[in-house]
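In: Just need the structure, nothing else, for what follows:
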Amino acid sequence: MELGQLGIGVFVYSLWLCGIFALIFLIHFLFTLPMRRAERARLFLDLLEGALDRGQSVEAMILSLAQSRDRTVGVHFHFLAAHVESGLRFTEALKINPRFLPPQISAMLAAGNRLGDLKKILPACREILRDRPKSVRSAMNYLILVLLVFSPVFMLILFMTNAFVVPKFRDVAAGMGIRLWPESLWVFGNTSSLLALETVVSLLIMLALLFYIGGPHFNRWFKFRGFPFVDWIAWRLPWKRKRLLCTFSAVLSVLLDSGVPEAEAVSLAGACTTNEICRRRVARVVAALEAGAKLDAAVRGFDDSGEFQWRLANAAHARGGFLNALRGWHEALEAKAFQQEEATAHLITSGVVIFNGALVALIATAMFGILVAVLNGMLRIT
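Out: As a prediction, the model looks like this:
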């Protein structure tokens, strides 16, 4: 009998350890998922540039690398290679397998292929894939840790307390005919509402975190032509808006440096943002160009602040092309976007911790209020 109980205990302990290791692996996987996507894209751009320098076609490079069965490029690369092996061109295979590269990079490579020179578009692609600073990564990782570990555990404790502990305290007070504090009555009368509020706040933040972890290929399931909800939110978030502006400016600069007509360059650059709000604004820019407006005046329809108009007007008179002239501004946009993203992550994390702490303080105060009332009632009886 004792051996059987010991075996059951060991089995339960082993399951508990397996659950802990699985949770650690899940957290690590979610932490590194956005970074691994960007790293695979940067690796592919390096391989693409090397093939172009050697005079090798992109399709030949893809097939050669697929034959080596290298796992660092990811499983979606081998799906891409299978489409290329069936006779499709590189850009056609990218459309069939959109999960291999971020949508912005795929659109930019398609624009480069249309220009006939993929190498010209690579600097703009690398600007979009600029790695996040360590401070931003640590802030996002801390946010993921709080939401995946701390918040669920805290909600479970609150639910258990509300279901089993609070009713016992209320029964004891009712049985002794003790009058509770108004604060305790309010908390116990609204415990379900407080827990519902905590649940709603946590679910909303987890949904936003899911969009961050899922990446653009997850977000596209929530894009609707009539109501581009996700694109509208991305345009309203200041750091997302700066990155969209940086993408549009970088691609437009490359296309203008390559001699593409202005209206066509603006349309292609807008398509590379893969954002419906940007496309609508680009349509206004194209309409202004067709009406006879100059490019530096027409782009005011894309950026209401007017900074892009001023930067583009100065870049038109600079040496070395638009991309070199605007590179410093692109770096400043990325730096501001990283700063705002880091501040938002810290603000959300601190807000969740403070909000949870306030709920704990309310419930703990209400419960201790019952204990104090019970002790006072016992003292009066004696």
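
In: where does this structure have low pLDDT?
Out: Residue ranges of the chain with pLDDT under 70: 1-7, 27-28, 30-31, 131-151, 176, 178, 213-226, 377-382.

In: run the last query once more with 50
Out: 1 (pLDDT under 50).

In: Would you map out the domains in it?
Out: Split into domains by automatic domain parsing, the chain comes to 2-101, 103-382.

In: In CSV: the ones you listed, plus mean neighbour count.
Out: In this view, the C-beta of every residue, glycine as well, is placed from N, C-alpha and C. Formatted as CSV, the domains of the chain follow (neighbours: other CB atoms under 10 Å):
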stretch, mean neighbour count
domain 2-101, 14
domain 103-382, 17
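
In: any idea how far Leu359 is from Gly189?
Out: 15 Å (CB to CB, to the nearest Å).

In: Thought Leu118 was touching Val58, still the case?
Out: Yes: counting by CB atoms under 8 Å, Val58 does reach Leu118; the two are 7.1 Å apart.

In: shared neighbours, these two?
Out: Residues touching both Val58 and Leu118 (CB atoms under 8 Å, 6 or more residues apart in numbering): Leu48, Leu52.

In: Run through the residues that contact Trp269.
Out: No, residue 269 isn't Trp; it's Ala. Ala111, Thr247, Phe248, Ser249, Val251, Leu252, Leu255, Val282.

In: dump the residue contacts of the third one.
Out: Translated: Phe248. Here Phe248 is in contact with Ala269, Gly270, Cys272, Thr273, Cys278, Val282, Phe302 (CB under 8 Å, 6+ apart).

In: Which elements pack onto the helix ranked longest in the chain?
Out: For the chain, the helix with the greatest residue count under DSSP state H is helix 321-381. Where contact means 3 or more CB pairs under 8 Å, 6 or more residues apart in numbering; DSSP states H and E, helix 321-381 is packed against helix 122-128, helix 134-145, helix 151-160, helix 166-175, helix 182-189, helix 191-219, helix 238-257, helix 307-315.

In: Columns distance to Val73 on top of those, output as a markdown table?
Out: Putting the helices and strands packed on helix 321-381 into a markdown table (distance: least, CB to CB, whole Å) gives the following:
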| stretch | distance to Val73 |
| --- | --- |
| helix 122-128 | 16 |
| helix 134-145 | 23 |
| helix 151-160 | 35 |
| helix 166-175 | 55 |
| helix 182-189 | 56 |
| helix 191-219 | 17 |
| helix 238-257 | 24 |
| helix 307-315 | 36 |
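
In: Check which helix or strand Ala269 maps to.
Out: Ala269 is part of helix 262-272 when elements are defined by DSSP states H and E.
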